[in-house]
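S.K.: return a 3D structure for these sequence lines:
(chains A and B)
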Protein chains: 2
Amino acid sequence: MPRTSDGRERLIEAGVELFSQRPYGSIGVAELCARAGVNKGSFYYFFPSKEALALAVIDRHWAWQQGVWAEILNGPGTILERLRALFAATAQMQIDARTGTGWVAGCLFGNLALEVSSQNEPVRMRLQEIFDEQIELIRAPLAAAVESGELQRPAEDVDGAAKAIVAQVEGLVLFAKLFNDPAHLDSLWQNSLRLLGLEPVNAAGMANAAAMAKE
Amino acid sequence: MPRTSDGRERLIEAGVELFSQRPYGSIGVAELCARAGVNKGSFYYFFPSKEALALAVIDRHWAWQQGVWAEILNGPGTILERLRALFAATAQMQIDARTGTGWVAGCLFGNLALEVSSQNEPVRMRLQEIFDEQIELIRAPLAAAVESGELQRPAEDVDGAAKAIVAQVEGLVLFAKLFNDPAHLDSLWQNSLRLLGLEPVNAAGMANAAAMAKE
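M.R.: Residues are numbered from 1 along each chain as shown, chains lettered A, B, ... in the order given. Presented below is the predicted three-dimensional model:
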């Protein structure tokens, strides 16, 4: 097969797909090549190792997810509307995965963090950066909302809440994956309001919550 | 080597140790036998497969952890003192692991949930039961505290909070493992108070929190 950059692309796409579905350790170079339609010699032309492909897969998936998060979190609407839209998008990704493959995929970064972080230092370092960026993507608009008076919470509470919310997402995604049921993400909104020190609202309480944040 | 039940015990202990430190998929029967000082023939006398050992390892680890949780959560003290003691014990386990091995072990059940739950149905089913039991171990004393008037929260809030707290533990343990730093668990107490709909308190605020719960 020709060693075109198309082969590199196909290997990254095969990696995103396979590493999202099964344990990293269970997927060999041969299977990645077969899925990508690339021969083994070409694999090592593009990537020195499976780890090198994994890093490219992580970067590709984060570039995509970061784009989704930033578009929502830095977009229009109140801060609580934007957070709620982020959680809806997060749940929808798991619903789509389950519809498409029969399985809740979970979080590729969380999966790799628990499986390989004690085994693979470059992957561990990259995942640390990504989780720090996730927390910052939530923290910055929360801090701006405090600054503008839209959200009446102490600034230091908001810093802690951003990390607590990302941890809550990871914990509930773990349940969604273990039970193969995206409905475990339904409580993300109410739990996040509580982590922000806001009173829980009922499912129809978006307007209440926004009003509460401004009160 | 003699096929005594001592060999079975040593295999389970080797499994608890190795499965806590490294990915399930990276550990073969040969390594488990070497660690346990048991030959391969004896392994298959005790366990038909690595999966069968994994189930015994999960049961052993849960019997121990369930004992620790139940002793604390059903023990003396206010409900908030007991919850705080549970989080302190959780953090101490990770501190001890790091001191002993250089690495935060994380949660054996969380690790296996993300690594093998889409690959191994018996393990997935058993882990579902364990997480349901963890949530119930926290929910029951919270509900009793609501019943007695010690904790003034709506009963339905407490049910959701128990699950949110277990998810928060799993998310923060993921960070502790990824960053190899048990300090990520320090916010567990404050975050859990918020998930219970109680105002956050400062690090010295145990008495305040208990008073708040009773007010």
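S.K.: only C-alpha atoms from now on, for both contacts and neighbour counts.
M.R.: Will do.
S.K.: for chain A, which segments are assigned as strands?
M.R.: Counting by DSSP state E, chain A forms no strands at all.
S.K.: pick out the residue nearest the middle of it.
M.R.: For chain A, the residue sitting closest to the mean C-alpha position, by C-alpha atoms, centre = their mean, is A:C107 at 5.6 Å.
S.K.: which ones are touching that residue?
M.R.: A:S20, A:E170, A:V173 (C-alpha atoms under 8 Å, 6 or more residues apart in numbering or on different chains).
S.K.: separation between the closest residue to A:G171 other than its chain neighbours and B:L174?
M.R.: Excluding the flanking residues, the one nearest A:G171 by C-alpha to C-alpha, 6 or more residues apart in numbering or on different chains is B:A167, at 4.0 Å. Taking C-alpha to C-alpha, to the nearest Å as the measure, B:A167 falls 11 Å from B:L174.
S.K.: again, but for A:V104
M.R.: The value you get for A:V104 to B:L174, if C-alpha to C-alpha is used, is 19 Å.
S.K.: do the same with A:G37
M.R.: From A:G37 to B:L174 the distance is 35 Å (C-alpha to C-alpha).
S.K.: what about the helices in chain A?
M.R.: Using DSSP state H, the helices of chain A run over A:5-21, A:29-36, A:40-46, A:50-73, A:79-101, A:108-116, A:121-148, A:155-178, A:188-195, A:206-214.
S.K.: by neighbour count, which of the contacts of A:C107 wins?
M.R.: A:V173 (30 neighbours; other C-alpha atoms under 10 Å in any protein chain shown).
S.K.: what about A:Y24, neighbour count?
M.R.: Using other C-alpha under 10 Å, A:Y24 has 22 other residues around it.
S.K.: cool, the one 4 residues further on as well?
M.R.: When neighbours are defined as other C-alpha under 10 Å, A:G28 has 10 of them.
S.K.: not counting its neighbours along the chain, what's nearest it?
M.R.: Of all residues not flanking A:G28 in the chain, A:K50 sits nearest, at 7.7 Å (C-alpha to C-alpha, 6+ apart).
S.K.: about what we covered before: more neighbours: B:A167 and B:L174, which one.
M.R.: B:L174 (28 against 23).
S.K.: mind pulling up the pLDDT for that one?
M.R.: pLDDT for B:L174: 97.
S.K.: that one contacts B:L108, doesn't it?
M.R.: No. At 11.0 Å, B:L174 does not count as touching B:L108 under the criterion of C-alpha atoms under 8 Å.
S.K.: per the record, what domains does chain A have?
M.R.: With automatic domain parsing as the criterion, the domains of chain A are listed as A:1-47, A:55-214.
S.K.: just those: most buried one?
M.R.: Comparing those by mean neighbour count (mean count of other C-alpha atoms under 10 Å in any protein chain shown), domain A:55-214 comes out on top with a mean of 19.
S.K.: any regions of chain A where pLDDT drops low?
M.R.: A:1-4, A:199-215 (pLDDT under 70).
S.K.: one more time with 80, if that's ok
M.R.: Applying pLDDT under 80 to chain A picks out residues A:1-5, A:199-215.
S.K.: outside of stretch A:42-56, which residues touch it?
M.R.: For stretch A:42-56, the external contacting residues (C-alpha under 8 Å, 6+ apart) are A:1, A:3, A:7-8, A:11-12, A:15, A:28-29, A:33, A:122-123, A:126.
S.K.: now do that stretch: distance to the chain's middle.
M.R.: Relative to the centre of its chain, stretch A:42-56 is centred 23 Å away, using C-alpha atoms, centre = their mean, to the nearest Å.
S.K.: what about it, start to end distance?
M.R.: Its first and final residues considered, stretch A:42-56 spans 16 Å by C-alpha to C-alpha.
S.K.: if we can go back for a sec, next, format the helices of chain A as JSON lines and append distance to B:F43.
M.R.: JSON lines is the format used below for those (distance: least, C-alpha to C-alpha, whole Å):
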{"stretch": "helix A:5-21", "distance to B:F43": "30"}
{"stretch": "helix A:29-36", "distance to B:F43": "30"}
{"stretch": "helix A:40-46", "distance to B:F43": "36"}
{"stretch": "helix A:50-73", "distance to B:F43": "32"}
{"stretch": "helix A:79-101", "distance to B:F43": "36"}
{"stretch": "helix A:108-116", "distance to B:F43": "25"}
{"stretch": "helix A:121-148", "distance to B:F43": "33"}
{"stretch": "helix A:155-178", "distance to B:F43": "29"}
{"stretch": "helix A:188-195", "distance to B:F43": "44"}
{"stretch": "helix A:206-214", "distance to B:F43": "57"}
